[in-house]
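> the following block contains a protein sequence and its predicted model.
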Amino acid sequence: MRRAVQKLALVAESATACSSLHQQALAPLCTSATSALAQGASQSPLCQSNYRGRVFVPASTRGFAANSHDLFNQHKDTPDNNADNVFEWTEANLKRAQDIIDRYPPNYKASAVIPLLDLAQQQNYGFLSLPAMNSVAKMLEMTPIRVYEVATFYSMFNRSKVGKYHIQLCGTTPCRLQGAQHLQDTLEKTLGIHIGETTKDGMFTLSEMECMGACVNAPMLAVADYSGGVEGYSYNYYEDLTPADTVKIIEALRKGEKPKINSQYRNKAEPRGVIQDGKWTPSEGTLTLTTPPRGPIVTNPDL
Amino acid sequence: MALNMQRLGRMLPSLPVSRAFSTAAGPAATQATSPTPPSPPPPPPPSDTAEVFVDGQPITVPKSFTVIQACDAAGVDIPRFCYHQRLSIAGNCRMCLVEVEKSPKPVASCAMPVMPGQKIKTDTPLVKKAREGVMEFLLINHPLDCPICDQGGECDLQDQAMIFGSDKSRFVETKRAVDDKNLGPLVKTVMNRCIHCTRCVRFSSEVAGTEDLGVTGRGRDSEIGTYVEKLMQSELSGNVIDLCPVGALTSKPYAFTARSWELKSTESVDVSDALGSNIKVDARGSEVMRITPRLNEEVNEEWLSDKARFQYDGLKRQRLNTPMVKGPNGLQPATWGAAFEAIRGAMAGAKGDEIKAIAGKLTDAETLVATKDLLNRLGSGNMKHEDDVAAEPVCADVRSTYLANTTVMGFEQADAILLVGTNPRHESPVFNSRLRKAFLDGAEIASIGPNIDLTYKYQHLGSEPAALSQLLASEHPFLEKLKSASAPAIVIGPGVLRREDRDAVMRAVHELVDKAGVVRPGWNGFNVIHDSASRVAALDLGFVPSASARSAPPPKVVYLLGADDWMDREVPEDAFVIYQGHHGDKGATRANVVLPGAAYTEKSGLYVNFEGRVQQTRAAVPVLGDAREDWKIVRALSEVLGARLPYDTHSAVRARLAEVAPHFALINNLQQPVWLNGEVLQKDVPFQSPVNNFYMTDSVSRASAVMAKCILAKQEAKN
Amino acid sequence: MSLRQHLAKVIEGNEVKDLKGFAKWMLSWEGVKMLGDGNIGFIKLIKGPTAGTYVGQDHYGNKYYENNNLQYDRKRWVMYKDTFDYSSSTIPPEWHGWINYINDYTPHNHNFYKPHYMLPTEKTKTGTDGAYQPKGTWTTPKKRNWVKYSAWQPPQA
């Protein structure tokens, strides 16, 4: 009984969390972003409910392209990213790139575009500048637009400058149900930035990602570390997070330490437990799938 | 994948069945008979065909057909947006859904190959509902701005929404908004309207060969664009306007100037290059509002170069609309009578070959023959075409020596092509797309001439004639390629004909032709292409200096037929110059008497393209002011000069044309020339294309503001 | 409703000073026009200010009224400011939805989104000198004498 009540409360809370998240995610994009945040997003002039009670979002507030970091699917010149920037492959990376290209038949060189873009992104401190993409195109004998198409399609390619640590918070349903919104609030408070922004010191960029496949240890976030170039590059998952853990991880990263990766509370599947109300709650027995399975649902009684 | 699909797409044009058979057939089938015009080969053996049932009606189609082509062949219209018979199959609009028996879901007919015995249904409730649903999806993000859209009235989406769509949408959310792209001075974009059929992307990568456009982003955020703002580099970029099924890509110069239903269309022929692309001149009142291509499989398919499409605004600027006579205060407007009197006065002092005529790039065949007759009656044989800049005139005796004997369509069968001194991308962009088509079908292309981007890969053998000698001396493996090819072709550019060592180059080419067997029974791979519309007609009519004229003293009277690019030595300082044309340019500035003629949209005239095809322009708009059709001016002048020409009607001039050169009686047909084989090679003078500036080659395009903008945009793109 | 009450409402709704002003108003050209043009007269003198509750006013001075007891499609109406040249194009977009029963939002109960590129609405220019005329339009000399082509000017010696 107690458990059932807890569950209900959880569902209710995550439901409110979801709706407030929806509004807050939009809030930074509203023209009067700060005031809108202060008043609560429902007061924002851009986020009105229409007559059927649905939240309707004017197109002008659509913030991001494929990922929650790049704003456009077209190139816009910035000081960090324009045709006059220089991108030179390092000696070591050139060799890596050649190794990657050698994996594919010579007439299908273009197949190497994704790994090569990834390499270029690692070397270029986390984002693909125009010259970086052009150099990949040249290396693979592709026309640049074909490379741009790939780079804009995949959300893990960044096309505008990111911080040294790219923090990617999972925002898909299982993590949301387990309190990803609390993590987001904590991160935003700790870092002083919103989704899609970079801290002033250039250390952290906060993004929201779709499911990264660690639902069993929800909520989770991934941190891409671009501070060390290709050699020092890492892409780590931090799972089973409470808001306090998140702050710890951020502080550790800020000091240049290496926080514990993967689940913060368990090793593989043990011990059993769950993040509940922002706390690690060990559990006993089976929590789900406790009732005997239902029979097949028959919609047609004639069958 | 795109390339494979593209070849598949081109192999399967959605044409009536018999036509499709002829395109689907290999080169060997047509070679056995005659290369051109490609006679329809026998229908493929039964094993290559499949019988399918479209709405219960049986039809036999090649097995390579897709369901949509089978339906087209059966005369059943299938709605479509992304499918285009000349582009690869994308299958992303889903509008062509049909029901196929035993298939649980509706199938996209453009991407589904036919199977023997397939039962295709196109009018079932399922199909109707599927189309309605697809249309509803397509309209979700399509703005309702038809009243301010230039595509309104000729829009595929508009038409198909009327026929196949529902009357209402269930979408109440906000439509998306997309940045408009700047693709240069020709193509206007309104990207909100885009339905992502990707026809423009496929066109630019497959037909134009300049991969500028792409789809960036994904899902709802997909955008068509260049990612980095830049000019569309192709000379065929205007064709994306025709391809776009909605109003996302429209013509920038035509924007908001007219509605499609106000326009009166006239079928005509383009004169901006020597290919003679078939065009439709759309006019409203006395104004040419736009020019669009007309389908002609044998010449331009359905493409048109940017110059041909957008130079029409030059027809409104710098026009000659009244006769002028030079007085003490320069050229002054005069009456026709006064102008003719002035000419008669000048002609009185000139005898025989002292009267000279120079034909311009846009002169029609009627005027050429009338001028030739007039000069002959006045005792002069001193006439030439302004493209004939070498000391020795081009020999017009053997027709096959100055024509593209393979024919434009024949190039699709060629499997080894050697370009000599030509830049087809600028000299004839639409012809260049044929060469690209041959390249995509596996033809090996090599070039001796300018080393530039021809939109396809080719071996560059050298920039000078020395490379030709090396090739002849078997020093290059490409000779073997030519020899072993089943359908080799050599293309000689107009730049070669202007060289002083033309005859030597031609001789070398003829040797190469012999050595590599480029001309063989059933196949003639020797081609000369030209860059101006009147060139071939001038040669066909013998508009070349007579034997006596070649050693004649400097002329006293020079009759310029719209010639603006003559060499200075052709027109002596003290000569009396008559300029007959439609634009004030170099010729009119030099002239003593200006006679206003008609531009190609204002008269019916015959032009011969570089494969020898006689085609006619038709008057779309009236002539301006006091101007007259050109042959009429010559005819009237002949009477003043006392050498009356014996034809009073247009048909009589045409009859005279056919008398001089019989193929002029066969308009739109190709008469195959008889092949006959034909001194110091300037080994280190590089081959050059005469077309240095694609956008401005004649008086019309020089007067066009749009073309000037194109040049500016190109320069900016370079900087 | 007595005649006195009715008149009071008409006077208030049309922002006339008092009964004397009303009489003066009725004897002016505007009054003649209202009597002659039944539509505007009916709205301004009979139904307009009296049959419902006042909802609001737009920047043109058009007044909006509502009475939910009336039959469908007659529940909301506008009393135009202009008597002589009243036009439904003077209804601004924020009132458009309300008066056409598309929604229940008016500027008084809803905060409309105003994008930075939004221009103030204008009355239609159809029928006025400001209306768009295509080239060649006979009535407008500038448009009538459009330049069909530019002739070449020979260089002066």
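Good, I have the coordinates.

> separation between the one residue sitting closest to the centre of chain B and residue A:115?
Nearest to the mean C-alpha position of chain B, counting by C-alpha atoms, centre = their mean, stands residue B:277 at 3.4 Å. Between residue B:277 and residue A:115 the distance is 45 Å, computed by C-beta to C-beta, to the nearest Å. (Glycine included, C-beta is placed from N, CA and C.)

> so what's the residue nearest to the centre of chain B scoring on pLDDT?
The model reports residue B:277 with a pLDDT of 95.

> before we move on, what about the one 3 residues further on?
Here, the pLDDT recorded for residue B:280 equals 96.

> residues near it, how many?
Close neighbours of residue B:280, defined as other C-beta atoms under 10 Å in any protein chain shown, add up to 17.

> please settle this for me: is it part of a strand?
Yes: under DSSP: H, G, I helix; E, B strand; the rest coil, residue B:280 falls within a strand.

> circling back: which residue packs closest to the residue nearest to the centre of chain B, ignoring adjacent ones?
Of all residues not flanking residue B:277 in the chain, residue B:300 sits nearest, at 3.9 Å (C-beta to C-beta, 6 or more residues apart in numbering or on different chains).

> looking at chain A, which helix or strand is least sure?
Using mean pLDDT, DSSP states H and E, helix A:33-39 stands out as the lowest-scoring helix or strand of chain A, at a mean of 34.

> let me fix that, I meant to ask about chain C.
helix C:141-144 (a mean of 79).

> for the closest residue to chain A within chain C, helix, strand, or coil?
Using C-beta to the nearest C-beta, the single residue of chain C nearest to chain A is residue C:103, 4.9 Å away. Counting by three-state DSSP, the backbone at residue C:103 sits in coil.

> got the phi/psi numbers for it?
Here is the backbone geometry of residue C:103 (degrees, to the nearest 10): phi -150, psi -180.

> same check, this time on residue B:595
Here is the backbone geometry of residue B:595 (degrees, to the nearest 10): phi -110, psi 120.

> just the pLDDT for the most centrally placed residue in chain A.
Geometric centre of chain A, nearest residue: residue A:209, 2.7 Å, by C-alpha atoms, centre = their mean. pLDDT for residue A:209: 89.

> same question, the one 10 residues further on
Model confidence at residue A:219, given as pLDDT, is 92.

> OK, contacts around it?
A:170, A:175-176, A:178-180, A:183, A:239-241, A:275 (C-beta atoms under 8 Å, 6 or more residues apart in numbering or on different chains).

> could you tell me the end-to-end distance of stretch A:142-159?
19 Å (C-alpha to C-alpha, to the nearest Å).

> so for it, what gets flagged as buried?
For stretch A:142-159, the buried set under the neighbour-count rule, 16 or more other C-beta atoms under 10 Å in any protein chain shown, comprises A:142, A:144-153, A:155-159.

> and the residues you listed near chain B, which?
Subset of those in contact with chain B: A:144-146, A:148-149, A:152-153, counting by C-beta under 8 Å from any C-beta of the partner chain.

> which of those fall in helices?
Among these, the members found in helices (DSSP state H) are A:144-146, A:148-149, A:152-153.

> a markdown table for the contacts of residue A:219, including secondary structure and neighbour count?
As requested, these are exported to a markdown table (DSSP: H, G, I helix; E, B strand; the rest coil; neighbours: other C-beta atoms under 10 Å in any protein chain shown):
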| residue | secondary structure | neighbour count |
| --- | --- | --- |
| A:170 | strand | 27 |
| A:175 | helix | 26 |
| A:176 | helix | 19 |
| A:178 | coil | 23 |
| A:179 | coil | 24 |
| A:180 | helix | 27 |
| A:183 | helix | 27 |
| A:239 | strand | 25 |
| A:240 | coil | 21 |
| A:241 | coil | 31 |
| A:275 | strand | 26 |
